[in-house]
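[1] After the sequence you'll find the predicted model.
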Amino acid sequence: MASPEEAVRQFAEVVYTYDTRERQFYEGAEDYMTAEAYAALVPLQDPDEAGEDVPIQMISELEGITCYYNMSENAGLEGIAEIEYSLSGMGDYSNMQLLKFALVYADGWKISSG
């Protein structure tokens with residue numbers, strides 16, 4: 001069973017390491033999230049527009065993650081992750097992003113909001 005930190009790290013690995021030729025950034029993230037949180041992560045897609053434009057190929061790689069936690073009042077955990085990743089597709093960029101999250105325990109630690 002994964003610890004809260006392992007769950008956040010595994011989630012970040014899926015969301016920040018991808019090649020859109022193989023999969024979209026959100027594919028696989030459902031294993032580390034509640035159904036409600038996953039639904040909020042997945043971009044809205046208009047079925048009438050599917051296939052009209054060729055999407056830009058993006059490659060992202062997780063470089064590092066540092067997590068800070070706070071016990072919440074509702075028996076879960078809240079935190080902020082400092083995420084460093086590289087992104088290419090329309091240029092090469094190094095990025096740093098702060099991700100606010102909440103974790104609940106439901107058959108393992110799951111991200112319930114972000």
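    Right, received. Where do you want to start?

[2] tell me the contacts of Glu78?
    Tyr69, Asn70, Met71, Ser72, Lys100, Phe101, Ala102, Leu103 (CB atoms under 8 Å, 6 or more residues apart in numbering). Every residue, glycine included, has its C-beta placed from N, CA and C.

[3] Of those, keep whichever come out buried.
    Phe101, Ala102, Leu103 (16 or more other CB atoms under 10 Å).

[4] Go ahead and flag the most central residue of this structure.
    By CA atoms, centre = their mean, the chain has its centre lying nearest to Val15, at 3.8 Å.

[5] can you redo the buried ones among the contacts of Glu78 as TSV with pLDDT and distance to Glu63?
    What follows is the buried ones among the contacts of Glu78, written out as TSV (pLDDT from 0 to 100; distance: CB to CB, whole Å):
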residue	pLDDT	distance to Glu63
Phe101	92	19
Ala102	92	24
Leu103	91	23
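
[6] hmm, back to that, what would the contacts of Glu78 look like in a markdown table with distance to Asp92?
    Shown next, in a markdown table, are the contacts of Glu78 (distance: CB to CB, whole Å):
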| residue | distance to Asp92 |
| --- | --- |
| Tyr69 | 32 |
| Asn70 | 35 |
| Met71 | 39 |
| Ser72 | 38 |
| Lys100 | 27 |
| Phe101 | 27 |
| Ala102 | 33 |
| Leu103 | 33 |
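
[7] Tell me which of these fall in strands.
    Secondary structure assignment by DSSP state E places Tyr69, Asn70, Met71, Lys100, Phe101, Ala102, Leu103 of the contacts of Glu78 in strands.

[8] Report how many residues lie close to Phe11.
    As a burial measure, Phe11 scores 27 neighbours (other CB atoms under 10 Å).

[9] Which other helices and strands does the helix or strand that contains it contact?
    Using DSSP states H and E, Phe11 sits within helix 4-16. Applying 3 or more CB pairs under 8 Å, 6 or more residues apart in numbering; DSSP states H and E, one finds that helix 4-16 makes contact with strand 59-71, strand 77-88, strand 92-105, strand 109-113.

[10] Dump it to CSV, keeping only the CA atoms.
    Presented in CSV, the C-alpha positions along helix 4-16 are these (Å, rounded to 0.1, in the frame of the first residue of the first chain):
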residue,chain,number,x,y,z
PRO,A,4,0.5,9.6,0.9
GLU,A,5,3.8,10.8,-0.5
GLU,A,6,4.1,7.8,-2.8
ALA,A,7,0.6,8.3,-4.0
VAL,A,8,1.3,12.0,-4.9
ARG,A,9,4.6,11.1,-6.5
GLN,A,10,3.0,8.3,-8.6
PHE,A,11,0.3,10.7,-9.7
ALA,A,12,2.9,13.4,-10.6
GLU,A,13,4.9,10.8,-12.6
VAL,A,14,1.8,10.0,-14.7
VAL,A,15,0.6,13.6,-15.2
TYR,A,16,4.0,15.2,-15.9
